[in-house]
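Asker: Predicted coordinates and the sequence they were generated for:
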Amino acid sequence: MQKILIEGGHPLNGKIRVSGAKNSAVALLPASILADSEVTIEGLPNISDVHTLSDLLEEIGGTTSRNGNDITINPENMVAMPLPNGKVKKLRASYYFMGAMLGKFKKAVIGLPGGCYLGPRPIDQHIKGFEALGATVTNEQGAIYLRAEELRGARIYLDVVSVGATINIMLAAVRAKGKTVIENAAKEPEIIDVATLLSNMGAKIKGVGTDVIRIEGVPSLKGCTHTIIPDRIEAGTYVIAAAAQGEEVVIDNVIPQHIESLIAKLREMGVTIEESDEQLLIKPGKKLHSVDIKTLVYPGFPTDLQQPFTSLLTKAKDTGVITDTIYSARLKHIDELRRMNAEIKVEGGSVIVSGPVKLEGAKVKASDLRAGASLIVAGLMANGITEITGIDHIDRGYEQITEKLSALGASIWREEMTEEEIIQLQNS
Ligand SMILES: CC(=O)N[C@H]1[C@@H](OP(=O)(O)OP(=O)(O)OC[C@H]2O[C@@H](n3ccc(=O)[nH]c3=O)[C@H](O)[C@@H]2O)O[C@H](CO)[C@@H](O)[C@@H]1O
Ligand SMILES: C=C(OP(=O)(O)O)C(=O)O
């Protein structure tokens, strides 16, 4: 088991390339189950969530072959193998095996998903959608059992705007008989990416990117080749790191429109950002002013950038208030940032950050993926050495984060943990 160490204070300069989107990748891989022949996905991020899902595709009889960041999946021998335990518990997106296997085999048994604990993360809207399509869904000893004689198109109104439910219902509905309409659908770029793959496979989907998605079911889907979109959350994390500790940083392979809410907030803070088609140039001003943030569904400010943004606010003058309307309990980074000298109060549903303060390096723990990203941003700014444990969370979502930041001039590296440190981490 490893930890990440950062000697803070080194300026960041140069170019950093963003990888393929984790939250697309984790849906595109299960979507391949629906095809009758080989699917190639180009530009996948080399992260542990992708490895776990590839292993799960093999567990159900698929074959996968990798060529750098591209993967080809042959679904021809896949079967409706129950996956009640094991690797499905390691990540959130294993829930996409429900929609994809239900669509293909009309049955599935999938353990309740793991992933980051951000407070309660129910999947009632996924289940509501599957039931509307004609499936019987039961929860037995921590696994969801789904079965349908046939899937029939339906009109489904989502009570909450959910990325996962929108994609999961799409995965099942593309193979249902007749027309499905998903109302109050989520509009995140990853949903468009998944719909693009499904359309290339032969699915008939209209309206993605709006809140009403219309799907006409088809009897079969074929293989195809698809190139994934860049990761807007990884890009946003590096934009924040550049605003925190950069001189001149170019973020390459980014769709600026995907992070407009972040760019707007950083400009309000005094950061200069130049946009071109696939790049952003970040030049932070000498002094940053605080801003308030409220996370919202896309195209609002993403909850996944709330935690790294909190670290940046410690450097800004005055008080910034962060309200996460998607996951109000996404706060596990706060105590760790306080250990590093941050002045942060939690009042009601809001996080109040006062600054500027000079952060001090400390031993801290990443308890979820973006908490880890926030500690890395903090470590880059801090005096002295920051030691981050719990980095398996970070490796779920960031490809080669230490290498990428080192190339910008950060002093960041990995070390093996001692046995004593591992025991301490497990007991904490
Ligand atoms: C793998 C993946 O893509 N993960 C992302 C996805 O998670 P995920 O798809 O799990 O998040 P959702 O969009 O579904 O969740 C949004 C809100 O709806 C609630 N909800 C969701 C489903 C449901 O059936 N019932 C319900 O009440 C959730 O508790 C949450 O408050 O979107 C989140 C919100 O942008 C991101 O933080 C995650 O990074
Ligand atoms: C919460 C996240 O991931 P997951 O939904 O996979 O836990 C995230 O990407 O920030």
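Answerer: Looks like it arrived, so ask away. Ligands and ions are numbered 1, 2, ... in the order given.

Asker: and the stretch 101-250 of the chain, which residues reach ligand 1?
Answerer: By the rule CB under 6 Å from any ligand atom, the part of the stretch 101-250 of the chain lying against ligand 1 is Arg121, Pro122, Ile123, Asp124, Gln125, His126, Val160, Ser162, Val163, Gly164, Ala165, Ala186. Where you see a C-beta, it was placed from the backbone N, CA and C, and this is true even at glycine.

Asker: Please indicate which of those residues are buried?
Answerer: Buried by 16 or more other CB atoms under 10 Å: Arg121, Ile123, Gln125, His126, Ser162, Val163, Gly164, Ala165, Ala186, out of these.

Asker: Kindly indicate which of these lies nearest Asp392.
Answerer: In terms of CB to CB, no member of those lies closer to Asp392 than Arg121, at 18.8 Å.

Asker: To which secondary structure element is the residue lying closest to His333 once chain neighbours are set aside assigned?
Answerer: Nearest residue to His333, sequence neighbours excluded (CB to CB, 6 or more residues apart in numbering): Ala371, at 3.9 Å. Secondary structure assignment for Ala371, by DSSP states H and E: helix 369-381.

Asker: Check Arg330 too.
Answerer: Using DSSP H and E, Arg330 is not contained in any helix or strand.

Asker: What distance do you get for it to ligand 1?
Answerer: Distance, Arg330 to ligand 1, using CB to the nearest ligand atom, to the nearest Å: 8 Å.

Asker: Out of the buried ones among the residues of the stretch 101-250 of the chain next to ligand 1, which one has the weakest pLDDT?
Answerer: The lowest pLDDT within those belongs to Arg121, with 91.

Asker: For the residue in the stretch 101-250 of the chain that ligand 2 sits nearest to, which residues are in contact?
Answerer: Taking CB to the nearest ligand atom, ligand 2 has its nearest neighbour within the stretch 101-250 of the chain at Gly115, 3.0 Å off. Neighbouring residues of Gly115 by CB atoms under 8 Å, 6 or more residues apart in numbering: Leu91, Arg92, Ala93, Arg121.

Asker: Next, the closest residue to the second one other than its chain neighbours: phi, psi?
Answerer: The spatially closest residue to Arg92, leaving aside those adjacent along the chain, is Gly115, at 2.7 Å (CB to CB, 6+ apart). With angles defined as degrees, to the nearest 10, Gly115 shows backbone torsions of phi 90, psi -170.

Asker: now swap in Gly202 and tell me
Answerer: phi 110, psi 0.

Asker: can you count the residues close to it?
Answerer: Residues lying near Gly202 (other CB atoms under 10 Å) number 17.

Asker: Tell me the spacing between Gly202 and Ala185.
Answerer: 21 Å (CB to CB, to the nearest Å).

Asker: let me fix that: Gly207
Answerer: 8 Å.

Asker: hey, what's in contact with both of the two?
Answerer: Shared contacts of Gly207 and Ala185, defined by CB under 8 Å, 6+ apart, comprise Ile213.

Asker: so which helix or strand takes in Ser24?
Answerer: According to DSSP H and E, Ser24 maps onto helix 22-31.

Asker: give me every residue that touches Tyr157.
Answerer: With CB under 8 Å, 6+ apart, Tyr157 has these contacts: Glu183, Asn184.

Asker: Enumerate the beta-bridge partners assigned to it.
Answerer: Tyr157 has these beta-bridge partners by DSSP bridges: Glu183.

Asker: got it, and Arg66?
Answerer: With DSSP bridges as the rule, Arg66 is bridged to Ile71.

Asker: what's the burial count for it?
Answerer: Arg66: 13 neighbours (other CB under 10 Å).

Asker: follow-up on the earlier one: out of the contacts of Gly115, who has the most neighbours?
Answerer: Counting by other CB under 10 Å, top hit in the contacts of Gly115: Ala93 with 25 neighbours.

Asker: pretty sure that residue belongs to a strand, no?
Answerer: No - if the criterion is DSSP: H, G, I helix; E, B strand; the rest coil, then Ala93 is helix and not within a strand.

Asker: ok, for it, nearest residue in space, not its chain neighbours?
Answerer: In space, and not counting its chain neighbours, Ala93 is closest to Val26: 3.4 Å by CB to CB, 6+ apart.

Asker: Return the residues in contact with the one you found.
Answerer: By CB under 8 Å, 6+ apart, the residues touching Val26 are Asp49, Val50, Leu53, Leu91, Arg92, Ala93, Tyr96.

Asker: which ones among these come in contact with ligand 1?
Answerer: Checking the contacts of Val26 against ligand 1 (CB under 6 Å from any ligand atom), the matches are Arg92, Ala93.

Asker: Out of the contacts of Val26, which comes closest to ligand 2?
Answerer: Among the contacts of Val26, and counting by CB to the nearest ligand atom, the member closest to ligand 2 is Arg92, at 3.6 Å.

Asker: Which pLDDT value goes with the closest one?
Answerer: What the model reports for Arg92 is a pLDDT of 91.

Asker: Contacts only, for it.
Answerer: Val26, Pro113, Gly114, Gly115, Cys116, Arg121, Gly164.

Asker: give the contact list for the residue in the stretch 101-250 of the chain that ligand 1 sits nearest to.
Answerer: Relative to ligand 1, the nearest point of the stretch 101-250 of the chain is Gly164 (2.8 Å; CB to the nearest ligand atom). Under the criterion of CB under 8 Å, 6+ apart, the contact list for Gly164 reads Arg92, Ala93, Tyr95, Tyr96, Ile123, His126.
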